[in-house]
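Undergrad: quick one: sequence plus predicted model below, questions after.
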Amino acid sequence: EVQLVESGGGLVQAGGSLRLSCAASGFTFDDYAIGWFRQAPEKEREGVSCISSGDDITFYADSVQGRFTMSSDNAKNTVYLQMNSLKPEDTAVYYCAADLVTCRAGMDYWGKGTLVTVSS
């Protein structure tokens, strides 16, 4: 069974940093696309960053480019999202997701999310 468990969310002041973790189980890391998405209150879910299987290229949303960095530890089956220079508009529930094919809005598997709140 594929499972994705996010952690690391919390309350932080604007300009601060957080690192989110996503522990994955039930599948081979290298065979899947892995991504981070977020959903702010009363807004649609949006992609934050994603890396396709067998690809070293990581995609980032324009709104986080240069501030967020996605990385992975394949030995631990864990992906991370380092978030720096946080802004109030980064406030959202952040989700980790995996897909057998590619990075896309409708990923195959989703975690339950972790809340990030950035105060001004």
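TA: Arrived safely.
Undergrad: helices or strands up against the helix or strand hosting Phe59?
TA: Taking DSSP states H and E as the criterion, Phe59 maps to strand 58-60. Strand 58-60 sits against strand 46-51, strand 68-73, with contacts defined as 3 or more C-beta pairs under 8 Å, 6 or more residues apart in numbering; DSSP states H and E. Glycine gets a C-beta too; all of them are placed from N, C-alpha and C.
Undergrad: would you map the strands across the chain?
TA: Along the chain, the segments classed as strands by DSSP state E run 3-7, 10-13, 18-25, 33-39, 46-51, 58-60, 68-73, 78-83, 92-99, 109-110, 114-119.
Undergrad: which among the helices and strands packed on strand 58-60 is found nearest to Phe27?
TA: For Phe27, the closest of these is strand 68-73, at 13.4 Å, according to C-beta to C-beta.
Undergrad: list the contacts of the lowest-mean-pLDDT helix or strand in the chain.
TA: The least trusted helix or strand in the chain, going by mean pLDDT, DSSP states H and E, turns out to be strand 58-60, with a mean of 91. Here strand 58-60 makes contact (C-beta atoms under 8 Å, 6 or more residues apart in numbering) with 47-51, 68, 70, 103.
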